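Asker: Following is a predicted model, sequence given first.
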Number of protein chains: 2
Amino acid sequence: MNPPDPALLAINTATLGEKRNLRREIDALRRHNIRGIAPWRDEVAETGAKDAARMIRDNGLVVTGFVRAGFFPAADRNGRRAAIDDNRRAIDDAATLGARCLVVVAGGLPAESKDLPGAREMVRDGVGEILDHARSSGVPLAIEPLHPMYCADRACVNTMKQALDLCDELAGRDGAGIGVAVDVYHLWWDPELESQIVRAGEKRLLAFHICDWLVPTTDLLLDRGMMGDGVIDIPLIRSWMEAAGYRGMHEAEIFSKNNWWKREPDEVLGMCRARHQTVC
Amino acid sequence: MNPPDPALLAINTATLGEKRNLRREIDALRRHNIRGIAPWRDEVAETGAKDAARMIRDNGLVVTGFVRAGFFPAADRNGRRAAIDDNRRAIDDAATLGARCLVVVAGGLPAESKDLPGAREMVRDGVGEILDHARSSGVPLAIEPLHPMYCADRACVNTMKQALDLCDELAGRDGAGIGVAVDVYHLWWDPELESQIVRAGEKRLLAFHICDWLVPTTDLLLDRGMMGDGVIDIPLIRSWMEAAGYRGMHEAEIFSKNNWWKREPDEVLGMCRARHQTVC
């Protein structure tokens, strides 16, 4: 594999730590000539979506994804309704930001529940209920299958096949406005990853997230590795994405409480920039 | 679901802590009238397989599985050869013990490797190489798909579908002497679990392991829960196993460094006995 086009590097702002501030992040990205950003809802809410959109536009940044909506399962009807309403607001803000997609994290089991098939039905119904609004707003929904270790508490959509089945069920085989976010951290282990990326095709491949799986991994959530520090063959997965027609950016998303989050943003971004060229 | 037959409870000795001693474990099982045991290789090696077999037989215990063989991938030919030899010895001891199956944990990536398809080929070749010896020894090989979070360092076979594909490839669609160990901890999240249990059928369903997935889970390896303390719908999965023809035992296997391993074996076994009747 040739190194990727350096202009394709984007940064999910969670990579820069837990205390997010959009102004500061945009300045940092500019210093490193990074052209893509995936901001989180809390920091966009802080400035308001319109001001956030202006800042982002003024700096010529692409919004690779707006993070994040979803979390549909809830113990009662009111909870499920509140989730739908929240997803609609996320769609509106994603539209204001001109985001390439809205990242949809399904949600796990409702409190006290062991009914996994039921939770998955709630996800299907929830996504189905917001799809029209997303389409009319021009915001593609990117269902992000999360690693099976998050099935209980974060997302009960855990493989590409499952996410694509959901897309097909809700939108028809070629229906637009819905697809998947492919994150190497969540999916690298799946024996069907290549075939499901082929199946997804250009239309359904809405985002490509990169980081690495560390050995050992010491925390289920906050111990992701910098690209190159783990065991994932990122160029191989990128080659599958490109063969399937994906031409979007490569969004680094690294939750790393005890390592990268303790470093200065300039060091983190410099390393992302370097590793994007050498190991992605 | 009705409660399971209490006589079907078995104990994987790892449930009783890190310091295994077969004599002590057998005495403890007898106090709780538990009729099945899955011993580990280290403790069987300590007494020798023949003496272990005699102790087990004298106490009327069924060996639900011998734990464990596998770990085929290695960086070089010598390493792979050593793994094969070790697997052959495990088969011999499993035969001496009269084990219902030998638990095969595939193994992860070789050191310094990111070649996951290559590791999976090594697993296929390795299992293929020991299958004849296992058959002629009367020891069924139970491939245990491990949770995807162990893909890098323990097992690159991570779903029922993948394990069953491997069985079919090596033994033919109905070939005997090889099957799977179904552990709810590793597989509960899989949207295809039910359909793959159906596909497996009685012949390929060689073991059923129970414990629970805790929320939150604080350690990737050693924070398994007692049945009932987590989110897994064990009766549902048991119902799938029984519908597919499984009539074997229910082996509790709980790695729990900070909870159950700190308690007395009698407390742990009493709780396994109780929970087996109430939540399994």
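Answerer: Noted; the coordinates are in hand. Residues are numbered from 1 along each chain as shown, chains lettered A, B, ... in the order given.

Asker: what about A:Leu109, helix or strand, and which?
Answerer: Taking DSSP states H and E as the definition, A:Leu109 sits outside all helices and strands.

Asker: contacting residues for it?
Answerer: A:Pro73, A:Asp115, A:Leu116, A:Ala119, A:Ala152, A:Asp153, A:Cys156, B:Val215, B:Val231 (Cβ atoms under 8 Å, 6 or more residues apart in numbering or on different chains). (Each C-beta comes from the backbone N, C-alpha and C, glycine too.)

Asker: Is it correct that the first one is in contact with A:Gly107?
Answerer: Yes: with the criterion set as Cβ atoms under 8 Å, A:Pro73 and A:Gly107 qualify as a contacting pair; they are 4.7 Å apart.

Asker: anything in contact with each of those two?
Answerer: In contact with both A:Pro73 and A:Gly107: A:Ala119, A:Met122, A:Val123, A:Gly126, A:Cys156, using Cβ under 8 Å, 6+ apart.

Asker: So which of those residues sit within helices?
Answerer: A:Ala119, A:Met122, A:Val123, A:Gly126 (DSSP state H).

Asker: Now pLDDT and neighbour count too, for the shared contacts of A:Pro73 and A:Gly107, in CSV please.
Answerer: Written out in CSV, the entries for the shared contacts of A:Pro73 and A:Gly107 read as follows (pLDDT from 0 to 100; neighbours: other Cβ atoms under 10 Å in any protein chain shown):
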residue, pLDDT, neighbour count
A:Ala119, 98, 25
A:Met122, 98, 22
A:Val123, 98, 25
A:Gly126, 98, 23
A:Cys156, 98, 28
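
Asker: ok, which residues in chain A are in contact with chain B?
Answerer: Residues of chain A lying close to chain B by Cβ under 8 Å from any Cβ of the partner chain are A:109, A:113-116, A:120, A:147-149, A:151-153, A:156, A:158-159, A:161-162, A:188-191, A:213, A:215-218, A:220, A:230-233.

Asker: Show the buried residues in those.
Answerer: A:109, A:113-116, A:120, A:147-149, A:151-153, A:156, A:158-159, A:161-162, A:188-191, A:213, A:217, A:220, A:230-233 (16 or more other Cβ atoms under 10 Å in any protein chain shown).

Asker: still on that earlier bit, between the ones in helices among the shared contacts of A:Pro73 and A:Gly107, which is closest to chain B?
Answerer: A:Ala119 (10.0 Å; Cβ to the nearest Cβ).

Asker: Apart from its neighbours in sequence, what residue is nearest that closest one?
Answerer: A:Pro73 (4.2 Å; Cβ to Cβ, 6 or more residues apart in numbering or on different chains).

Asker: A:Glu112 too?
Answerer: Nearest one to A:Glu112, counting by Cβ to Cβ, 6+ apart, is A:Ala75 at 7.0 Å.

Asker: Can you show me the strands along the stretch 1-150 of chain A?
Answerer: Here the stretch 1-150 of chain A has its strands, by DSSP state E, counting those that start in this stretch, at A:9-12, A:36-38, A:62-63, A:66-70, A:102-105, A:141-143.

Asker: could the ones you listed go into JSON lines alongside mean pLDDT?
Answerer: Formatted as JSON lines, those follow (pLDDT from 0 to 100):
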{"stretch": "strand A:9-12", "mean pLDDT": "98"}
{"stretch": "strand A:36-38", "mean pLDDT": "98"}
{"stretch": "strand A:62-63", "mean pLDDT": "98"}
{"stretch": "strand A:66-70", "mean pLDDT": "98"}
{"stretch": "strand A:102-105", "mean pLDDT": "98"}
{"stretch": "strand A:141-143", "mean pLDDT": "98"}
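
Asker: looking at these, which is closest to B:Ala53?
Answerer: Proximity to B:Ala53 (Cβ to Cβ) singles out strand A:102-105 among the strands of the stretch 1-150 of chain A, at 50.9 Å.

Asker: what does the closest one contact?
Answerer: Under Cβ under 8 Å, 6+ apart, the answer for strand A:102-105 is A:38, A:65-71, A:87, A:90-91, A:94, A:127, A:134, A:139-144, A:146, A:154-155, A:181, A:207.

Asker: Sheet partners, orientation included, of it?
Answerer: Each strand paired with strand A:102-105, and its direction, by DSSP bridges: strand A:66-70 (parallel), strand A:141-143 (parallel).

Asker: who touches the first one?
Answerer: Outside of strand A:66-70, the residues within contact range by Cβ under 8 Å, 6+ apart are A:12-14, A:38-41, A:44, A:86-87, A:90-91, A:93-94, A:97, A:99, A:101-107, A:123, A:126, A:130, A:139, A:141, A:143-144, A:155.

Asker: Which helix or strand contains the residue nearest to A:Val182 when sequence neighbours are not counted?
Answerer: Nearest residue to A:Val182, sequence neighbours excluded (Cβ to Cβ, 6+ apart): A:Phe208, at 5.4 Å. Using DSSP H and E, A:Phe208 maps to strand A:205-210.

Asker: still on that earlier bit, now, among the ones in helices among the shared contacts of A:Pro73 and A:Gly107, which is nearest to B:Gly270?
Answerer: Distances from B:Gly270 to those, taken by Cβ to Cβ, are shortest for A:Ala119, at 32.6 Å.

Asker: for the closest one, what are its contacts?
Answerer: A:Ala119 neighbours (Cβ under 8 Å, 6+ apart): A:Pro73, A:Gly107, A:Gly108, A:Leu109, A:Pro110, A:Ser113, A:Cys156.

Asker: Just the buried residues of stretch A:38-45, please?
Answerer: Applying 16+ other Cβ under 10 Å to stretch A:38-45 flags A:Ala38, A:Pro39, A:Trp40, A:Arg41, A:Glu43, A:Val44 as buried.

Asker: so the last one touches A:Leu97, yeah?
Answerer: Yes: A:Val44 lies in contact with A:Leu97 (Cβ under 8 Å); the separation is 7.0 Å.

Asker: Count the residues that sit near the nearest residue to A:Leu269 once chain neighbours are set aside.
Answerer: Nearest residue to A:Leu269 in three dimensions, chain neighbours excluded: A:His32, at 4.4 Å (Cβ to Cβ, 6+ apart). Residues lying near A:His32 (other Cβ atoms under 10 Å in any protein chain shown) number 16.

Asker: Quick check: pLDDT value at A:His32.
Answerer: Looking at A:His32, its pLDDT is 98.

Asker: For the helix or strand in which A:Cys272 is found, which helices and strands make contact with it?
Answerer: Here A:Cys272 sits within helix A:265-279, counting by DSSP H and E. Applying 3 or more Cβ pairs under 8 Å, 6 or more residues apart in numbering or on different chains; DSSP states H and E, one finds that helix A:265-279 contacts strand A:9-12, helix A:22-31, strand A:250-252.

Asker: Switch these over to CSV; also include mean neighbour count.
Answerer: Putting these into CSV (neighbours: other Cβ atoms under 10 Å in any protein chain shown) gives the following:
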stretch, mean neighbour count
strand A:9-12, 28
helix A:22-31, 17
strand A:250-252, 27
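
Asker: now the helices for the stretch 151-280 of chain A?
Answerer: Along the stretch 151-280 of chain A, counting by DSSP state H, counting those that start in this stretch, helices occupy A:160-171, A:184-187, A:193-204, A:234-243, A:265-279.

Asker: what's the most buried one of those?
Answerer: helix A:184-187 (a mean of 24; mean count of other Cβ atoms under 10 Å in any protein chain shown).

Asker: circling back to that earlier point, so the residue nearest to A:Val182 sits right up against A:Ala252, yeah?
Answerer: No: taking contacts as Cβ under 8 Å, A:Phe208 lies outside contact range of A:Ala252: 10.3 Å.

Asker: Grab the most central residue of chain A for me.
Answerer: Nearest to the mean C-alpha position of chain A, by Cα atoms, centre = their mean, lies A:Val103 at 5.0 Å.
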